[in-house]
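1. I'll drop the sequence and a predicted model, then ask my questions.
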Amino acid sequence: MNGRADFREPNAEVPRPIPHIGADYIPTEEERRVFAECNDESFWFRSVPLAATSMLITQGLISKGILSSHPKYGSIPKLIFACIMGYFAGKLSYVKTCQEKFRNLENSPLGEALRSGQARRSSPSGHYSQKSKYDSNLGGHSSFVTSPAADNIEKEMLPHYEPIPFSASMNESTPTGITDHIAQGRNFS
């Protein structure tokens, strides 16, 4: 022993620090390649098919009379809108696939941040793959005891959010000055 107390359990996983990924982050060559691949695949395999399908459905609805066409511009504004919505729906639908590609990258700070974020969301109380200290077993004692040092690391790594009470600023009891009666006034006719 070197004079420091070691509070870790022998088989406990120690969470690695999450790399800082901010606006100043410069992606690696492999990450750039995956970005380009995701951009290309999301365009050709999701955005183009969804945009074309939404345009075809919109044109069909206009030709059946369910949607009306513009008197001056015809069906063009609605088709452009359908195309844009299909494009963005295609891009958004590919986000999970792209995230999975980044998670599978080795030696990638971005992949590490996604992996650690996924572990944090899927584990209870911010503890990585360990039982929560609030879980009870048959004996009534917790099998996982945290140390003050581990609690401090957890508080530094995880964001702390204060609960915000429900805002009742515009409920039924708030006076708004709006009434249901018809205003009585001078007749201007």
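-> Structure received.
2. Contacts for stretch 28-35 next, please.
-> 27, 98, 101-102, 105, 107-111 (C-beta atoms under 8 Å, 6 or more residues apart in numbering). Backbone N, C-alpha and C define where each C-beta goes, glycine included.
3. With distance to residue 117 added, can I get those in TSV?
-> TSV is the format used below for the contacts of stretch 28-35 (distance: C-beta to C-beta, whole Å):
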residue	distance to residue 117
27	17
98	14
101	15
102	11
105	14
107	18
108	13
109	12
110	11
111	11
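4. what residues go with each domain of this protein?
-> For the chain, the TED database gives the domain ranges 27-66, 69-117.
5. Including neighbour count, distance to residue 53 and pLDDT, could the contacts of stretch 28-35 go into JSON lines?
-> Output for those, formatted as JSON lines (neighbours: other C-beta atoms under 10 Å; distance: C-beta to C-beta, whole Å; pLDDT from 0 to 100):
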{"residue": "27", "neighbour count": "15", "distance to residue 53": "32", "pLDDT": "90"}
{"residue": "98", "neighbour count": "18", "distance to residue 53": "21", "pLDDT": "95"}
{"residue": "101", "neighbour count": "18", "distance to residue 53": "25", "pLDDT": "94"}
{"residue": "102", "neighbour count": "20", "distance to residue 53": "28", "pLDDT": "93"}
{"residue": "105", "neighbour count": "18", "distance to residue 53": "32", "pLDDT": "92"}
{"residue": "107", "neighbour count": "8", "distance to residue 53": "39", "pLDDT": "87"}
{"residue": "108", "neighbour count": "19", "distance to residue 53": "34", "pLDDT": "88"}
{"residue": "109", "neighbour count": "17", "distance to residue 53": "37", "pLDDT": "89"}
{"residue": "110", "neighbour count": "20", "distance to residue 53": "32", "pLDDT": "88"}
{"residue": "111", "neighbour count": "21", "distance to residue 53": "33", "pLDDT": "89"}
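6. of the residues you listed, closest to residue 47?
-> The nearest member of those to residue 47, counting by C-beta to C-beta, is residue 98 at 13.0 Å.
7. So that closest one versus residue 46, what's the distance?
-> 11 Å (C-beta to C-beta, to the nearest Å).
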